[in-house]
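> The sequence and its predicted three-dimensional model are supplied below.
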Amino acid sequence: MSSISLDDVKKLGDLSALKVTDEEAVVLQKELEQILNYVAQLSEVDTEGVVPTYDVHYLHSVMRDDTVIDYGVSQDDLLKNAPARRGAQVEVPKVLDV
Amino acid sequence: MTITEVRDRIRSGNSTARAEVEAAIERAEKAVSYNALLSITKDRALVRADAIDIRLRSGEDIGELAGVPFIAKDNMLVFGTPTTAASKILENFEAPFQAECIERLEAAGAICIGKANLDAFAHGGSTENSAFGVTKNPVDATRVAGGSSGGSAASVALGIVPFALGSDTGGSIREPASFCGVVGFKPTYGTVSRYGVVAMASSTDVIGPITSTVDDAMLVTKIMAGKDEKDVTTLPENTMLRPAKAVKTYGIVKEWLEGVDSEVKIATEKAIEAIRAQGHEVREVSLPTLHYALAVYYVVVPAEVASNLARYDGIRYGQRVEAASLSDLYTDTRHAGFMPENKRRILIGNYVLSSGYYDAYYKQAAKVRTRIIEEFEKAFEQCDVLIGAVSPVPAFTIGERTDDPLQMYLADVMTVPASLAGLPAISVPITPTRAGLPIGLQIVGRRMADVDVLMAARDIEGVS
């Protein structure tokens, strides 16, 4: 049985860049534990010597010529969804405290 | 309503693209209480319809879908429409480019009239995880339409449009199609480009049609299919152009009849009898590792979800919650923008990927996935297609499962295996329950044998 503490839930939130309130953590602790206990049955399967599948086509790095392709998307179209912009730049809060 | 009916009305001059688009929008507005649609794009649709009418009048051959209106799931980028993925974080997102599947349908003359509701980011099987409310089942409005492509399936079942697009990561086309009594087809992984579609789990995400007939599903898939340089996972060959092979041997998957609702079982057995009566060979097969498919799915998919949803951080696009520091901006934005189910999957995904758990969960799941693929390959040595139920139950009532995420996941138990193996799979309506709730039969085929699956579905369509 996997057991997850409230601290674990908060730590997972940090790893996921996701705020988890104290209230949410209580519910999530129970739910995540239930889900993880369900998927824990995978350990019953004998996978000795089995190659993992991450992709059904078994593709490896697909390469193409290193040339610019015009997808017909303008800089302005891409920037119109930015929550805050200044000219052709996306505006963000200060990163470094100097 | 079928695509060919609409198309032929327009071609013969008995109708126009404008008249068809106007009628479809009117039907959508009348059916607003079902909450199948998140947006209607009347202006753009009418401009396109008028342009098509002018070209048709001048005798131009536009394409196989000239003037036919359709609805896209709201995780697909379409010009002139918001693309929300039914989430708060993308509530005001406007498509800066178009999804390749939409481009191909529009090149064939089809006209997108609006966007369908879904579970936020396609996480769910009931559309109850939509940030904009649940889609109601057209047959019984107290029940869910299924999900995640619930709005797409309901739109076709309501007769708003002859076809809608869905995406299927673990059953999200097939399950709502079965709940609403329409056809839902998930092609082989890599058949249709996902360029311009909001990514959920990149190793199983597939685009496919929801229609009222199998022929229509074949037509729409054929137009969308084929290599796209913008999606490196698309197959080099357009397998929809392969000639159909006779489907002789049907394998009844024992595990896809176990533990299902009695009425689902009766309907499925009746369909099997009909297949037998058509002179096909029917044999029972067992794939014991399918027992673990759901556990594999709920490790692999959250892992991929956690990675794919990392991009929603409030910086370049989407909703932003302003905060004093950059890290608070990220965590507050994601907290406000995601639904509870999105959060569960992100957290589970990062758990199974974190050091110390990676081997036991993620890598082990990837190995069991290989075992499942091998079992399918063995079954296809004896059978041309495999059949069983789509969902263990018909459409459940709204709210019935929302308090228990695991119970909700269990509805996916028979659809996730084909997703993990990348196989083509369809849900085709069979005999409904006594109360009239639709039930679907699932037909799964060999990788790239999409045409065979569709031919088998056509054989059973309307028979059982």
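Everything's here; your move.
> pLDDT score for A:Tyr58?
Predicted confidence (pLDDT) for A:Tyr58: 78.
> ditto for B:Ser464
Per-residue confidence at B:Ser464 stands at 67 (pLDDT).
> Spit out the contact partners of residue 41.
Let's take chain A. Contact analysis of A:Gln41 by C-beta atoms under 8 Å, 6 or more residues apart in numbering or on different chains lists B:292, B:295. Every residue, glycine included, has its C-beta placed from N, CA and C.
> switch to chain B, that's the one I care about
Neighbouring residues of B:Thr41 by C-beta under 8 Å, 6+ apart: B:78, B:80-81, B:112-115.
> now B:Val206
B:167-169, B:173, B:186-189, B:191-192, B:194, B:419.
> And the closest residue to chain A within the stretch 101-250 of chain B, how close does it get to B:Tyr297?
Nearest residue of the stretch 101-250 of chain B to chain A (C-beta to the nearest C-beta) works out as B:Val232 at 4.0 Å. Here B:Val232 is placed at a distance of 23 Å from B:Tyr297 (C-beta to C-beta, to the nearest Å).
> What count of nearby residues applies to the closest residue to the residue of the stretch 101-250 of chain B closest to chain A other than its chain neighbours?
Spatial nearest neighbour of B:Val232, excluding adjacent residues (C-beta to C-beta, 6 or more residues apart in numbering or on different chains): A:Val62 at 4.0 Å. Other residues near A:Val62 come to 9 when the count uses other C-beta atoms under 10 Å in any protein chain shown.
> My guess is A:Val62 contacts B:Thr234. True?
No - using C-beta atoms under 8 Å, A:Val62 makes no contact with B:Thr234, being 10.1 Å away.
> And the lowest mean pLDDT element among the helices and strands of chain A?
Among the helices and strands of chain A, helix A:75-79 carries the lowest confidence by mean pLDDT, DSSP states H and E, at a mean of 90.
> Now do the buried residues in stretch B:343-363.
Buried positions in stretch B:343-363, judged by neighbour count with 16 or more other C-beta atoms under 10 Å in any protein chain shown: B:343-353, B:357, B:360-363.
> so for the helix or strand that contains B:Val301, what's the average pLDDT?
Assigned by DSSP states H and E, B:Val301 belongs to helix B:293-308. The pLDDT scores in helix B:293-308 average 98.
> for chain A, which spans come out with low pLDDT?
A:1, A:97-98 (pLDDT under 70).
> Which stretches in the stretch 101-250 of chain B count as helices?
B:150-157, B:174-180, B:214-224 (DSSP state H, counting those that start in this stretch).
> Turn the ones you listed into CSV, columns for distance to chain A, mean pLDDT and mean neighbour count.
Shown next, in CSV, are these (distance: least, C-beta to the nearest C-beta, whole Å; pLDDT from 0 to 100; neighbours: other C-beta atoms under 10 Å in any protein chain shown):
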stretch, distance to chain A, mean pLDDT, mean neighbour count
helix B:150-157, 22, 98, 34
helix B:174-180, 18, 98, 35
helix B:214-224, 18, 98, 24
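> Of these, which is nearest B:Leu38?
helix B:150-157 (7.1 Å; C-beta to C-beta).
> Which strands or helices does that closest one pack on?
strand B:37-40, strand B:69-73, strand B:111-116, strand B:163-168, helix B:174-180, strand B:206-211 (3 or more C-beta pairs under 8 Å, 6 or more residues apart in numbering or on different chains; DSSP states H and E).
> Pick the most buried one from the ones you listed.
When you average the neighbours per residue for each of the helices and strands packed on helix B:150-157 (mean count of other C-beta atoms under 10 Å in any protein chain shown), helix B:174-180 leads with a mean of 35.
> Who are the packing partners of it?
Under the contact criterion of 3+ C-beta pairs under 8 Å, 6+ apart, helix B:174-180 touches helix B:150-157, strand B:163-168, strand B:183-186, strand B:425-430, strand B:439-445.
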